[in-house]
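Asker: below are the sequence and a predicted model for it; my questions follow.
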Amino acid sequence: MYLKTKTDSSMKTFLEKFSEADAIVIGAGAGLSTVAGFTYAKERFARYFSDFEHKYGFHDMYSGGFYPYRSPEEHWAYWSRYIYINRYMDAPNPTYRILFDLVKDKNYFVITTNVDHQFQKAGFDKNRLFYTQGDYGLFQCSTPCHEQTYDNEMIIQKMVEAQGYTITEDKELVLPEGTMPKMSVPSSLVPHCPRCGEWMSMNLRADRTFVEDEGWNEVAQRYDAFLKQHRNSRIVFIELGVGMNTPGIIKYPFWRMTAQNPGSFYACVNAGEAFCPEEIADRSLCLNKDINEVLRQMKEHTEKEKKE
């Protein structure tokens, strides 16, 4: 298999295929949330974690997420901030809302490795969203002793407030002027499994303890049924910000399904990492461009179509 970055299709062809499609499948990776403003280092990291950076010497949120904190109270002080700003705060940029406007009247399904819930917050139908790797908004038993997940919004809010933050009407975290946040939460807020009493953990696919609960399995079946229903249709696969960390979830299946269906079309948008196999290059478009820029082009084209 030879990978190509220059494909035989143009943006015009892609827009035509998008307009004529019987079905749209969006595959989204971390790059989509990055352009939406959910960055995990530099200014945004410093704004919420400068105290942890000063104490422990890590310089990004991912590193802090794996740090072996001295107590569960400190662990949840870090993680409650992490969860709140990446799950319950709105995205700084309108990327997801623009994407929703493009597909809201189409027959679509979304598969994503992102765990920040931004698709649903932008208006996407939750029955058409497959979050394969979990959700920052869910807890599970760390063992796990049972296959169930639990919403965590209320307890996460209590944790960040216990550190001194105020949650504004716009869902921003604000500290009183001249104060620093506490770096621990009360022991009473440390979450424990309601069945076995062990600590709760995030419902994130980090190891074999990841819980695929009833809701996860139901949407997995709906996604599979959608693909089977449209396997011979004019289907467009749109891959946004997907890298090579977990290509077996979105990228490779999109390539395979495009190769198997002559009526399909594959579009990959990822600055610096857009490519596809030579075998499907005649029905593909690889754009090494900013996702926001491409979505704006699509929006302009769609609005022009409506006026004509």
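Answerer: Perfect, I can see it now. Only a predicted model underlies this, so the values are computations on that prediction, with no experimental measurement involved.
Asker: in the stretch 1-150 of the chain, where is pLDDT below threshold?
Answerer: The model of the stretch 1-150 of the chain has pLDDT under 70 over residues 1-9.
Asker: can you show me the strands along it?
Answerer: 3-4, 23-28, 108-112, 129-131, 134-141, 149-151 (DSSP state E, counting those that start in this stretch).
Asker: equivalent analysis for the stretch 151-300 of the chain, please.
Answerer: With DSSP E, counting those that start in this stretch as the criterion, the stretch 151-300 of the chain has strands spanning 166-167, 173-174, 200-204, 235-240, 265-269, 276-277, 284-287.
Asker: export those to a markdown table and tack on mean pLDDT?
Answerer: Below are the strands of the stretch 151-300 of the chain laid out as a markdown table (pLDDT from 0 to 100):
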| stretch | mean pLDDT |
| --- | --- |
| strand 166-167 | 97 |
| strand 173-174 | 96 |
| strand 200-204 | 97 |
| strand 235-240 | 98 |
| strand 265-269 | 96 |
| strand 276-277 | 94 |
| strand 284-287 | 94 |
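Asker: figure out which of those strands is closest to residue 43.
Answerer: strand 173-174 (14.7 Å; Cβ to Cβ). C-beta here means a position set from N, CA and C on the backbone, and glycine is covered the same way.
Asker: so what strands line up beside the closest one?
Answerer: strand 166-167 (antiparallel) (DSSP bridges).
Asker: just how off-centre is the partner strand within its chain?
Answerer: Centroid displacement of strand 166-167 relative to its chain, using Cα atoms, centre = their mean, to the nearest Å, is 25 Å.
Asker: go on, stretch 201-217?
Answerer: 15 Å.
Asker: what about that stretch, start to end distance?
Answerer: Distance between the boundary residues of stretch 201-217 (Cα to Cα, to the nearest Å) amounts to 20 Å.
Asker: give the buried residues for that stretch.
Answerer: 201, 202, 203, 204, 205, 210, 211, 213, 216 (16 or more other Cβ atoms under 10 Å).
Asker: now do stretch 26-40
Answerer: 26-38, 40.
Asker: tell me which of these fall in helices.
Answerer: Under the assignment DSSP state H, the buried residues of stretch 26-40 contribute 30, 31, 32, 33, 34, 35 to helices.
Asker: please report how far residue 82 lies from residue 65.
Answerer: From residue 82 across to residue 65, the span is 6 Å (Cβ to Cβ, to the nearest Å).
Asker: no no, residue 41
Answerer: 12 Å.
Asker: please list all residues in contact with the closest residue to residue 141 other than its chain neighbours.
Answerer: Leaving out its chain neighbours, the residue that sits closest to residue 141 by Cβ to Cβ, 6 or more residues apart in numbering is residue 193, at 4.0 Å. By Cβ atoms under 8 Å, 6 or more residues apart in numbering, the contact set of residue 193 is 141, 142, 143, 144, 145, 199, 200.
Asker: who wins on neighbours among those?
Answerer: Within the contacts of residue 193, residue 141 tops the neighbour count with 25 neighbours, counted by other Cβ atoms under 10 Å.
Asker: hey, what's it bridged with?
Answerer: residue 200.
Asker: contact partners for it?
Answerer: Neighbours of residue 141 in contact, by Cβ under 8 Å, 6+ apart: 148, 193, 195, 196, 198, 200, 201, 211.
Asker: could you measure from the first one over to residue 211?
Answerer: Using Cβ to Cβ, residue 148 is found at 7 Å from residue 211.
Asker: where do the contact lists of these two overlap?
Answerer: Common neighbours of residue 148 and residue 211 (Cβ under 8 Å, 6+ apart) are 140, 141.
Asker: out of the buried residues of stretch 26-40, which is nearest to residue 128?
Answerer: Taking the buried residues of stretch 26-40 together and measuring to residue 128 by Cβ to Cβ, the closest member is residue 26, at 9.5 Å.
Asker: would you confirm that that closest one contacts residue 236?
Answerer: No - using Cβ atoms under 8 Å, residue 26 is not in contact with residue 236, being 9.3 Å away.
Asker: give me the buried positions along stretch 10-22.
Answerer: Quick answer for stretch 10-22 (16+ other Cβ under 10 Å): 13, 14, 15, 17, 18, 21.
Asker: in helices only, show me these.
Answerer: 13, 14, 15, 17, 18.
Asker: and the buried residues of stretch 201-217 as a markdown table, adding distance to residue 126?
Answerer: What follows is the buried residues of stretch 201-217, written out as a markdown table (distance: Cβ to Cβ, whole Å):
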| residue | distance to residue 126 |
| --- | --- |
| 201 | 23 |
| 202 | 20 |
| 203 | 16 |
| 204 | 19 |
| 205 | 19 |
| 210 | 20 |
| 211 | 18 |
| 213 | 14 |
| 216 | 12 |
